[in-house]
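Participant: sequence first, predicted coordinates after that:
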Amino acid sequence: MTPETLRYGAIMLAAGIGIPVLAALNAQLGARIGSPSAAAMILFVIAFSAALATTLLSGGLGPLGLAPTQPKHLFLAGLLVAFYLISITTIAPKFGVGNAVFFVLIGQMVMAALIDHFGLFGALMKPMTLARGAGIILMIAGVALIQLSSAKAP
């Protein structure tokens with residue numbers, strides 16, 4: 001493994017660790033203030049502030065001028081983030097953070113494999129192989145086992 005691969009892997013591992021933490025924190029905020037959508041809005045204001053600071057520190061706002069010329073479908077990502085955040089904030093307190101994130105993980109694995117296989121949205125093409133398919137099936141089976149064992153726990 002190259003140092004770059006290790007660095008990228010470490011960053012994405014940290015991002016992955018952050019997803020259930022985000023879900024738990026925002027679910028609690030939504031429950032405490034009585035509005036999952038208001039909690040999501042608060043999170044987005046904080047996220048916007050962090051993104052703005054990062055943009056300013058890494059070269060300025062100039063690239064934003066190119067946004068209006070980009071294909072409109074690329075902006076769907078913002079709606080998908082909002083859907084994820086509002087749904088996890090609403091569902092996690094009722095379904096459990098672990099349960100919610102496990103189902104998100106299954107969706108991520110299946111969609112990531114499809115995106116890679118077909119090179120969707122400009123992604124690098126990585127064909128679905130028997131080994132990759134088996135890995136996804138094993139992950140889904142693992143999630144199912146976790147779900148079954150947590151359903152039987154007191």
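Facilitator: Nice, thanks for sending it over.
Participant: residue contacts, the most centrally placed residue in the chain?
Facilitator: When Cα atoms, centre = their mean is applied to the chain, the residue found nearest the centroid is residue 19 (6.4 Å). Residues near residue 19 by Cβ atoms under 8 Å, 6 or more residues apart in numbering: 101, 104. Heads up, the C-betas are built off the backbone N, CA and C, glycines and all.
Participant: what score does it have for pLDDT?
Facilitator: Listed pLDDT for residue 19 reads 90.
Participant: in what helix or strand does it lie?
Facilitator: Using DSSP states H and E, residue 19 maps to helix 3-33.
Participant: buried stuff in that helix?
Facilitator: 19, 20, 22, 23, 24, 26, 27, 29, 30, 31 (16 or more other Cβ atoms under 10 Å).
Participant: identify, from those, the entry nearest to residue 131.
Facilitator: Nearest to residue 131, judged by Cβ to Cβ, of those is residue 19 at 25.4 Å.
Participant: pull the helix or strand bottoming out on mean pLDDT in the chain out as CSV, backbone CA atoms only.
Facilitator: Every helix and strand of the chain was ranked by mean pLDDT, DSSP states H and E. The lowest is helix 130-152, at a mean of 83. C-alpha atoms of helix 130-152 as CSV (Å, rounded to 0.1, in the frame of the first residue of the first chain):
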residue,chain,number,x,y,z
LEU,A,130,-17.6,-12.4,-8.1
ALA,A,131,-15.3,-11.4,-5.2
ARG,A,132,-16.8,-7.9,-4.9
GLY,A,133,-20.3,-9.3,-5.1
ALA,A,134,-19.5,-11.9,-2.4
GLY,A,135,-18.0,-9.2,-0.2
ILE,A,136,-21.2,-7.1,-0.4
ILE,A,137,-23.4,-10.2,0.3
LEU,A,138,-21.2,-11.0,3.3
MET,A,139,-21.5,-7.5,4.6
ILE,A,140,-25.3,-7.6,4.2
ALA,A,141,-25.3,-11.0,6.0
GLY,A,142,-23.2,-9.5,8.8
VAL,A,143,-25.6,-6.6,9.2
ALA,A,144,-28.5,-9.1,9.3
LEU,A,145,-26.7,-11.0,12.0
ILE,A,146,-26.1,-7.9,14.0
GLN,A,147,-29.8,-7.0,13.6
LEU,A,148,-31.0,-10.4,14.7
SER,A,149,-28.7,-10.4,17.7
SER,A,150,-29.7,-6.9,18.8
ALA,A,151,-33.4,-7.8,18.4
LYS,A,152,-32.9,-10.7,20.9
